[in-house]
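structure, please.
(one chain, ligands or ions: 4)
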Amino acid sequence: MMALVSRRLLLITAAILCSLSLRIECRSKSRFTNMLCESYNDSYADFKKCKLNLLGRGRVGADIYVKLSELPIDNSWINWSIYRRYNGFRPFLYNVSTDLCQLLENSNVLSFQGLVMNAIMTRSNLNHSCPYNHDIIIDNLEFSDDFLKNLPLPQGVYKIQLRFATYKVWRVQVTMFFERAE
Ligand SMILES: *[C@@H]1O[C@H](CO)[C@@H](O)[C@H](O)[C@H]1NC(C)=O
Ligand SMILES: *[C@@H]1O[C@H](CO)[C@@H](O)[C@H](O)[C@H]1NC(C)=O
Ligand SMILES: *[C@@H]1O[C@H](CO)[C@@H](O)[C@H](O)[C@H]1NC(C)=O
Ligand SMILES: *[C@@H]1O[C@H](CO)[C@@H](O)[C@H](O)[C@H]1NC(C)=O
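Ligands and ions are numbered 1, 2, ... in the order given. Take a look at the predicted model:
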């Protein structure tokens with residue numbers, strides 16, 4: 001199953017929300033603009049939800065619900081890659097694989113992966129170490145400027161591609177687009 005949120009619609013709506021609240025500062029300089037969830041096998045992992053919500057003042061939250069059929073999970077890897085838009089999306093900065101269970105046990109907040117994982121953990125039921133014996137729920141995860149304070153990303157449009165494997169088989173891919181304005 002694939003879910004797609006129209007990026008243009010979101011941007012237009014965000015712009016309108018911002019201009020309507022002229023007296024209120026439109027603070028966030030970074031936000032998600034689109035999200036795409038893909039399962040390689042719906043019987044194994046099924047996306048019941050994959051959407052961005054407008055939270056007002058240009059803020060956008062991401063909601064994900066993945067139903068998992070074979071539990072528990074105590075072996076999982078994430079493959080991270082980041083792209084920046086520049087005549088099409090070009091690989092940028094990160095392209096690594098990480099042991100998710102290890103990262104959850106010992107997330108080093110100084111690494112990019114640690115930062116992202118910590119942000120996700122505050123907004124999801126992924127907030128404990130392996131094994132996982134439940135569906136995965138992420139609730140209104142925002143892409144905040146705080147998130148990037150240790151990571152000086154130039155302004156631009158980025159794509160983060162997260163591919164998840166369990167037991168050495170790639171299961172799902174989540175692609176998030178975000179924009180950093182200056
Ligand atoms: C898809 O997942 C189901 C449930 O885990 C499994 O029985 C099936 O073999 C998988 N199909 C493929 C093509 O891997
Ligand atoms: C990521 O790195 C692998 C090998 O380490 C390479 O095969 C792959 O093309 C790279 N992907 C990107 C998007 O740079
Ligand atoms: C990420 O996954 C892709 C596809 O499986 C693989 O080709 C690539 O080498 C992986 N990147 C790293 C750094 O492991
Ligand atoms: C994880 O989050 C849930 C829901 O917010 C909360 O009930 C639970 O106590 C948290 N667990 C840990 C280990 O922080």
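
verify the stated contact: residue 174 with residue 39.
No - checked against Cβ atoms under 8 Å, the pair residue 174 and residue 39 is beyond contact range at 9.9 Å. C-beta: built from backbone N, CA, C; applies to glycine.

per-residue confidence at the closest residue to residue 177 other than its chain neighbours?
Once flanking residues are discounted, residue 177 sits nearest to residue 34: 4.1 Å by Cβ to Cβ, 6 or more residues apart in numbering. Model confidence at residue 34, expressed as pLDDT, equals 96.

again, but for residue 153
Residue 153 carries a pLDDT value of 78.

and it, how far is that from residue 112?
Relative to residue 112, residue 153 is positioned 10 Å away (Cβ to Cβ, to the nearest Å).

swap in residue 171?
From residue 171 to residue 112 the distance is 22 Å (Cβ to Cβ).

comparing the two, which shows the higher neighbour count?
residue 171 (20 against 17; other Cβ atoms under 10 Å).

where does pLDDT dip in the chain?
For the chain, the stretches flagged by pLDDT under 70 are 1-28, 109, 147, 150-152.

what do you get if the cut-off is 50, keeping everything else the same?
Along the chain, the parts satisfying pLDDT under 50 run over 1-25.

which positions in it make contact with ligand 3?
Where the chain comes near ligand 3, counting by Cβ under 6 Å from any ligand atom, the residues are 79, 95, 96, 97, 163.

so which of these also contact ligand 4?
Answer for the residues of the chain next to ligand 3 near ligand 4: none qualify (Cβ under 6 Å from any ligand atom).

all helices of the protein, in order?
For the chain, the helices defined by DSSP state H occupy 7-20, 100-105, 112-122.

buried sites along the shortest one?
If you call a residue buried by 16 or more other Cβ atoms under 10 Å, then helix 100-105 has these buried ones: 100, 101, 103, 104.
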